[in-house]
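Undergrad: Based on what follows, work out the 3D shape:
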Amino acid sequence: MKAQAPDGRTWKVGRRWFPRRRRLGRADVSDAMPDFVSFDGGLDDLGVVGTIIAAILLVILAIFLALVLFNVIAIALELLLVVLLLFAGVFGRVALRRPWIVQARCGDAVLEWPVVGWRASSRKISAVAEQLRSGAQLDAARQHR
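TA: Model prediction:
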């Protein structure tokens, strides 16, 4: 819901569905290969024919994994993750009464209020939007920049 304040600023008021993302450090991938991996010819006992057969089988296996198996596993894992996150979110919000975060945002200014319950958070959104429109003093909120 948008609210136009008397000073001309437009505030966007609503629920924050996900927690704010924290910035993570970058990983050093300069030495990503384990030390035991070696590419200096491990099929010397089989000779050239064994190396060619192994290369052909490796290409067939790579194509199979890339085209079939990887896609099936990836889709199954994504669906499982979505279902688990949905159940965890519903359980956390309903059974554990985890509060919704009502948020008013205008540019970099962010005001937040934790409110328990869906209907209570809807009433809080309406109240905050009305306070912003009228220019009244907002009740205590956490400010983030």
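Undergrad: Check the gap between the closest residue to W100 other than its chain neighbours and L132 for me.
TA: Excluding its sequence neighbours, the residue lying closest to W100 (Cβ to Cβ, 6 or more residues apart in numbering) is S121, at 4.1 Å. Quick note: C-beta positions are derived from backbone N, CA and C, even for glycine. Between S121 and L132 the distance is 16 Å, computed by Cβ to Cβ, to the nearest Å.
Undergrad: So between these two, which is more surrounded?
TA: L132 (24 against 19; other Cβ atoms under 10 Å).
Undergrad: so where do the strands sit in this protein?
TA: Taking DSSP state E to define them, one finds strands in the chain at 2-4, 10-16, 100-106, 109-115, 142-144.
Undergrad: Mean neighbour count, these: which tops it?
TA: strand 100-106 (a mean of 20; mean count of other Cβ atoms under 10 Å).
Undergrad: re the thing from before, so which of the strands of the chain comes closest to V59?
TA: strand 10-16 (48.6 Å; Cβ to Cβ).
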